[in-house]
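**Student:** Whatever this is, show me its structure:
(one chain, ligands or ions: 2)
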Amino acid sequence: RVLRGRPRDLAGRKIVVSAGGTREAIDPVRYIGNRSSGLQGYALARTAVARGAEVTLVAANVSLPDPAGAKVVRVESAADLREAVLAATPGADVVVMAAAVADFRPETRHDTKIKKTDGEPAPIHLTKNPDILAELGALRRAARTSPAEAPSAPRPSVTGAVRGTTPQPVGALPGDGGPAGNGGGSGGQAAVRDGDLSGGPASARSDAASAGSVADAAPAARVPEASAPRPPYPQVIVGFAAETHDVLANGQAKLARKGCDLLVVNQVGEGLAFGTPGNAATVLVADGEPVEVPYAPKEDVADVVWDLVAARLA
Ligand code: CTP
Ligand code: CA
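**Tutor:** Numbers count the residues shown, from 1 in each chain. Ligands and ions are numbered 1, 2, ... in the order given. Next up is the predicted model:
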């Protein structure tokens, strides 16, 4: 499906999106997993492609067709996902962690299937997984603090040329044309129609696909100049979170803890059943006012995220 009517304000931008939920193996046939359809992450990937971005989609256990125009890397565990995201990050402008990453994994993975005839079930000891989002934030913080030591990340531009190698302060990509206009759902007034906002592992996501329109995209924005150097860390880092209570306070604390720029938070739990076609989100902004997103399809939520991302990149 090709999306219509979007600005090409992410043209020339390299974007990494993670989606789905990781699985942590217990034995060859069993795992501990996170509920996630991947729909929100896929909607993010689709809309970013429609807005002109070069998208790498790291998909954990998602049974959805590959979004046209995106490079899809399939992974299973949190460790796989971390590896794929970190491999795609150098030279990326934006990383969006929409995946539900398991916080814990079994300490040991049995090589053979655990049989019930083995006696009483043994407890499964868990160990913590690395926090990928926090790692990205820390990576950026470190690179900003000592930019001289950080290697630059040249990459081919959309015209095939290679960017320069001089480290460069964040938010100062010379030659950026800026947004060509605002896409649907700008101003945070778009609505959300789905429970698939959360990146939180405990979250379940509803799977109703949003209706999308078909046709060609809006005219291209001016793409970043080929000679523009870029920093080796993403300029914009976006997280997702599901919270059951004290949504804003917990979300703000999480945003700060993870060192990301935007955190898309949705309330889960009481009265907000998983699997319902509707949901609402609040996009917390590191240095700005939160943006409320009332009920809307996931693609609209994605567009609100990209509006905010494009503004930060400009
Ligand atoms: N995340 C991650 N690596 C992890 C866990 C989470 O990158 N090991 C990312 C998710 O992809 C999401 C964000 O962090 O974008 C928030 O996830 P969430 O589970 O809400 O945060 P946690 O720090 O794990 O806190 P909680 O105790 O609420 O689960
Ligand atoms: Ca978690």
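
**Student:** what about the stretch 1-150 of the chain, any weak spots by pLDDT?
**Tutor:** For the stretch 1-150 of the chain, the stretches flagged by pLDDT under 70 are 1-4, 147-150.

**Student:** at 50 what do you get?
**Tutor:** Low-confidence segments of the stretch 1-150 of the chain, defined by pLDDT under 50: 1.

**Student:** where does residue 304 land in three-state SS?
**Tutor:** Of the three states, residue 304 takes helix under DSSP: H, G, I helix; E, B strand; the rest coil.

**Student:** Hmm, it is touching residue 290, no?
**Tutor:** No - judged on Cβ atoms under 8 Å, residue 304 makes no contact with residue 290 at a distance of 11.7 Å. Bear in mind the C-beta positions are built from the backbone N, C-alpha and C, glycine included.

**Student:** list the contacts for residue 23?
**Tutor:** Applying Cβ atoms under 8 Å, 6 or more residues apart in numbering to residue 23 gives the contacts 31, 32, 33, 34, 60, 61, 76, 77, 102.

**Student:** Pull up the gap between the nearest residue to it once chain neighbours are set aside and residue 258, please.
**Tutor:** Nearest residue to residue 23, sequence neighbours excluded (Cβ to Cβ, 6 or more residues apart in numbering): residue 31, at 4.0 Å. Going from residue 31 to residue 258 by Cβ to Cβ, to the nearest Å gives 25 Å.

**Student:** and if you look at residue 123?
**Tutor:** In this view, residue 123 and residue 258 are 31 Å apart by Cβ to Cβ.

**Student:** out of these two, which sits in the busier spot?
**Tutor:** Comparing residue 123 with residue 258 by neighbour count (other Cβ atoms under 10 Å), the higher total belongs to residue 258, at 22 against 6.

**Student:** just to revisit the earlier point, list residues touching both of residue 304 and residue 290?
**Tutor:** The overlap between the contact sets of residue 304 and residue 290 (Cβ under 8 Å, 6+ apart) consists of residue 283.

**Student:** what about those two, which has more around it?
**Tutor:** A count of neighbours by other Cβ under 10 Å puts residue 304 above the other of residue 304 and residue 290, at 28 against 17.

**Student:** Residues of the stretch 201-314 of the chain that sit close to ligand 1?
**Tutor:** Contacts of the stretch 201-314 of the chain with ligand 1, taken as Cβ under 6 Å from any ligand atom, map to 201, 239, 240, 241, 242, 254.

**Student:** try 5 Å this time
**Tutor:** Proximity of the stretch 201-314 of the chain to ligand 1 is confined to 239, 240, 241 under the rule Cβ under 5 Å from any ligand atom.
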